[in-house]
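In: What follows is a predicted protein model with its sequence.
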Amino acid sequence: MDVLYHYLRRHGACLSSDLAKWLIDKQGISAEAARKQISRRDEQIKCLDSLKFPRNEKFLYLKQDYGSPTRFWWQLTEALKRSNSSYGFALDAIRARGGIIPEAHFYIASGSPLEQKKHISASVIIERLVEAGLIHRIEVSEIGNCLSLSKEAEYLELPIADMRAR
């Protein structure tokens, strides 16, 4: 098996720069060789192309880890927050509320402005996260439009009950 696969299997999803640094430090290869090895990765290693990171970094994860609470969501949120991305704080706001939040509450919980120069608005963050398939819009009876990390009903039953209680 591939060394990149083993790294991601052991440590979980990460940014391409973190993986390249590990290859340089632990495997003793050059920066250029590390970049090439990452770009020629195995098909089991996926890349989240829909969200942009600084310096063209990519978020890499194993196909089977997609959607996992710790191996995917926590790693993605932390990587986004380390890069000071509004998307990380927005995902964190949804995760902190059990994975679902009324859309009207998201605008406050995410900490993103409605409109401000040189800042991404909360509505743009929602649209980009929906386009990326990272969050979903769902209709919850008696509450209205909600944003969810999952669209499967069986995973939302308990979080919806908690949200109603709040």
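Out: Structure's in. What do you need?

In: which ones are touching the residue sitting nearest the centre point of the chain?
Out: Geometric centre of the chain, nearest residue: Leu76, 3.8 Å, by Cα atoms, centre = their mean. Leu76 sits next to 13, 48, 59, 61, 88, 91, 134 when contact means Cβ atoms under 8 Å, 6 or more residues apart in numbering. For the C-beta atoms, the positions are set from N, CA and C on the backbone; glycine is no exception.

In: Kindly report the same for Glu32.
Out: So Glu32 contacts nothing (Cβ under 8 Å, 6+ apart).

In: secondary structure element for it?
Out: Here Glu32, judged by DSSP states H and E, is contained in helix 31-39.

In: And Arg10, by the same measure?
Out: Per DSSP H and E, the secondary structure element for Arg10 is helix 3-11.

In: mind listing the helices for the protein?
Out: Using DSSP state H, the helices of the chain run over 3-11, 16-27, 31-39, 75-82, 86-96, 103-109, 122-131, 153-165.

In: Just the residues contacting the first one, thanks.
Out: Under the criterion Cβ under 8 Å, 6+ apart, residues 14, 19, 22-23, 27, 37-38, 41-42, 44-45, 60-62, 65 lie in contact with helix 3-11.

In: so where's the chain shaky on pLDDT?
Out: Scanning the chain for pLDDT under 70 picks out 1, 112-119, 150-166.

In: rewinding a little: and of the helices of the chain, who's closest to Phe53?
Out: helix 75-82 (7.4 Å; Cβ to Cβ).

In: what about dumping the CA coordinates of the closest one to CSV?
Out: What follows is helix 75-82, C-alpha atoms only, in CSV (Å, rounded to 0.1, in the frame of the first residue of the first chain):
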residue,chain,number,x,y,z
GLN,A,75,-10.0,17.5,10.8
LEU,A,76,-11.7,19.6,8.1
THR,A,77,-13.0,22.1,10.6
GLU,A,78,-9.7,22.4,12.3
ALA,A,79,-7.8,22.8,9.0
LEU,A,80,-10.3,25.6,7.9
LYS,A,81,-10.0,27.4,11.3
ARG,A,82,-6.1,27.2,11.2
